[in-house]
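K.L.:
Below: sequence and its predicted model.
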Amino acid sequence: MRPGALFNRAVHDYSALLALGVFLAVVLLFTALLSLPVAAADREPTPFHDALFTSVSAMTVTGLVTVDTASHWSMFGQIVILLGIQTGGLGIVTIALLLSRAVTRHLGLRGRILARQGVGTTKLGEVQSLLKIVILTTLVLELALAVILVPRFIVLEGSFTGGLWHGVFYAVSAFNNAGFVVNAGGLEAFHGDLWILVPIMIGVFVGSFGFLVFMVLMVARGRWRKWNLHTKLTITSTSILLVAGALVWGALEWSNSATIGDLPIGERILHAVFASTMTRSGGFSLSDPALSTPATLLASDALMFVGGGSASTAGGIKVTTIAVLFLAIVAEAKGDKNIAIFGRTIPSTALRVAISVTFFGATLVLAATGLIMLVSDATLDRILFEVISAFATCGLSVGVSEELPPAGKYILAALMFAGRIGPIGIASALAVRRRNLLFRYPEEQPVIG
């Protein structure tokens, strides 16, 4: 076989692995750029562990930081972080699509039709078509957010260039669920400014749907019957979690004077909705999470662990995973043999994958929590919050990341990477490793519970 043909075959067969390798290489590239003296405001080289942590956080669109983004990094450094967020957001979805293609070897008839109608291409079923949808959708929605945010930031900054920079940065950071902030004090400085907060909330909320949902909405729009099961589950579960999270967070913090207890009722409600949106993977905050009650931190842990939609920049085990688990519990309680919703039956293989992804995530969180406890004197509730935020690539912080020694920062950086790639990878790997056995052992029921 000719070398060129051999290379093309290797790229085709190992496209997902190649994408993962490129992702790692880009992380190291951005680490090198952030280590340069020109990237820091004081023109001193940033320690490697801080540069690597920031690079991984940007590329995995997490938002956790060990140094203050607004004060530590120069304009060059902040531009590198912005490029890392944009590259990481697109790269994550690319890996997800390549892994999906590796599982099925094709995108299916509906996927091909959606790709054709979405971008007008004749290359039905090709990954290139989906990537066009990803890039086009990303740029259009980010531009729409920037158009809304830039005028307001120009007024607040009193400068066109400053307003333009802040508007563009927050538009990209919001849609990619990154949670990075480039102004002193973060979004707390705009706690009552709806012109800024509402677009950012919408950007995070929409960005957590995932591009597979965008594809369906581009074709079917608001016609519910035309939506596939994944789209219905994603939007329904996301909406339920948003409302439930706002009610729980608001109730737990309503009388906490350290956060929202002394605010007017309207602002308390706004804070509750904002917090519920951001715990799903957005990472922005209007009040310091460290000042929240332990019960609030626990509720936030649960929301962060779930995360957002599949094939999106949001992290966690994904809303469809938790939806399938919940539906399985309901079916078991009712005595139903099959898991059914919206007139569709969910195959048992989907439940097995959902259980595996959830167990994988819980194992990562447990292991990382134990390791961080060995190098940190922080309390368990604070460590657990930081670890789940890293795994779910959320970005909310109670300050543990900044207090950790280099070893702890490396642990969290590895967790961010594993939390971003792991659930996608394990779900795809489990789907690939399907065996059709020619025999079956006799059934025997073990005692459960």
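P.N.:
Nice, thanks for sending it over. Computed from a predicted structure; not experimentally measured. Numbers count the residues shown, from 1 in each chain.
K.L.:
so how many other residues sit close to the nearest residue to G315 once chain neighbours are set aside?
P.N.:
The shortest distance from G315 to any non-neighbouring residue, by Cβ to Cβ, 6 or more residues apart in numbering, is to T393 (3.3 Å). Every C-beta, even on glycine, is put in place using the N, C-alpha and C of the backbone. Using other Cβ atoms under 10 Å, T393 has 32 other residues around it.
K.L.:
Can we start the residue count at 82 from this point?
P.N.:
Noted, 82 is the first residue going forward, which turns the last one into T474.
K.L.:
Quick check: T474 touching G363?
P.N.:
No - contact criterion Cβ atoms under 8 Å: T474 and G363 do not qualify, at 10.5 Å.
K.L.:
residues shared between the contacts of the two?
P.N.:
N258 (Cβ atoms under 8 Å, 6 or more residues apart in numbering).
K.L.:
before we move on, what SS does the residue nearest to G396 have?
P.N.:
coil (DSSP: H, G, I helix; E, B strand; the rest coil).
K.L.:
per-residue pLDDT, it?
P.N.:
Confidence at T474, expressed as pLDDT, is 88.
K.L.:
In contact with it: list those residues for me.
P.N.:
Counted by Cβ under 8 Å, 6+ apart, T474 has contacts 141-144, 258, 362, 388, 395-397, 497, 500-501.
K.L.:
any chance you could map the helices in the stretch 282-431 of the chain?
P.N.:
Listed in chain order, the helices of the stretch 282-431 of the chain (DSSP state H, counting those that start in this stretch) span 292-301, 310-334, 346-358, 375-387, 400-415, 429-456.
K.L.:
hey, which helix or strand in this structure has the poorest pLDDT?
P.N.:
helix 189-200 (a mean of 40; mean pLDDT, DSSP states H and E).
K.L.:
Could you check the angle the helix or strand that that helix is followed by makes with helix 292-301?
P.N.:
Downstream of helix 189-200, the next assigned helix or strand under DSSP states H and E is helix 208-238. Per axes from the mean of the first three to the mean of the last three Cα atoms, to 10 degrees, the angle that helix 208-238 makes with helix 292-301 is 100 degrees.
K.L.:
Which elements pack onto the helix or strand that helix 208-238 is followed by?
P.N.:
For helix 208-238, the following helix or strand on the C-terminal side (DSSP H and E) is helix 241-256. In terms of contacts (3 or more Cβ pairs under 8 Å, 6 or more residues apart in numbering; DSSP states H and E), helix 241-256 is packed against helix 156-185, helix 208-238, helix 275-288.
K.L.:
Columns mean neighbour count on top of those, output as JSON lines?
P.N.:
Listed next are those as JSON lines, based on neighbours: other Cβ atoms under 10 Å:
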{"stretch": "helix 156-185", "mean neighbour count": "21"}
{"stretch": "helix 208-238", "mean neighbour count": "18"}
{"stretch": "helix 275-288", "mean neighbour count": "21"}
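K.L.:
can I get the ones you listed in TSV with distance to V108 and mean pLDDT?
P.N.:
Putting those into TSV (distance: least, Cβ to Cβ, whole Å; pLDDT from 0 to 100) gives the following:
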stretch	distance to V108	mean pLDDT
helix 156-185	8	74
helix 208-238	20	84
helix 275-288	21	90
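K.L.:
Nearest to G489, out of those helices?
P.N.:
Minimum separation from G489 across the helices and strands packed on helix 241-256 (Cβ to Cβ) falls at helix 156-185, 21.2 Å.
K.L.:
Show me the residue at the heart of the protein, geometrically.
P.N.:
A395 (1.8 Å; Cα atoms, centre = their mean).
K.L.:
how about the closest residue to it other than its chain neighbours, phi and psi?
P.N.:
In this structure, A395 finds its nearest non-sequential neighbour in G389, 2.4 Å apart by Cβ to Cβ, 6+ apart. The phi and psi values for G389, taken as degrees, to the nearest 10, are phi -120, psi -150.
K.L.:
Run a quick neighbour tally on G389.
P.N.:
Using other Cβ under 10 Å: G389 sits among 30 other residues.
K.L.:
and if you look at G239?
P.N.:
Neighbours around G239, by other Cβ under 10 Å: 8.
K.L.:
Relative to R233, how far out is it?
P.N.:
Distance of G239 to R233, computed by Cβ to Cβ, to the nearest Å: 12 Å.
K.L.:
same question, T401
P.N.:
In terms of Cβ to Cβ, T401 sits 35 Å off from R233.
K.L.:
before we move on, what about L351?
P.N.:
Distance from L351 to R233, by Cβ to Cβ: 16 Å.
K.L.:
can you check A431 too?
P.N.:
Distance from A431 to R233, by Cβ to Cβ: 44 Å.
K.L.:
Same check on V279?
P.N.:
11 Å.
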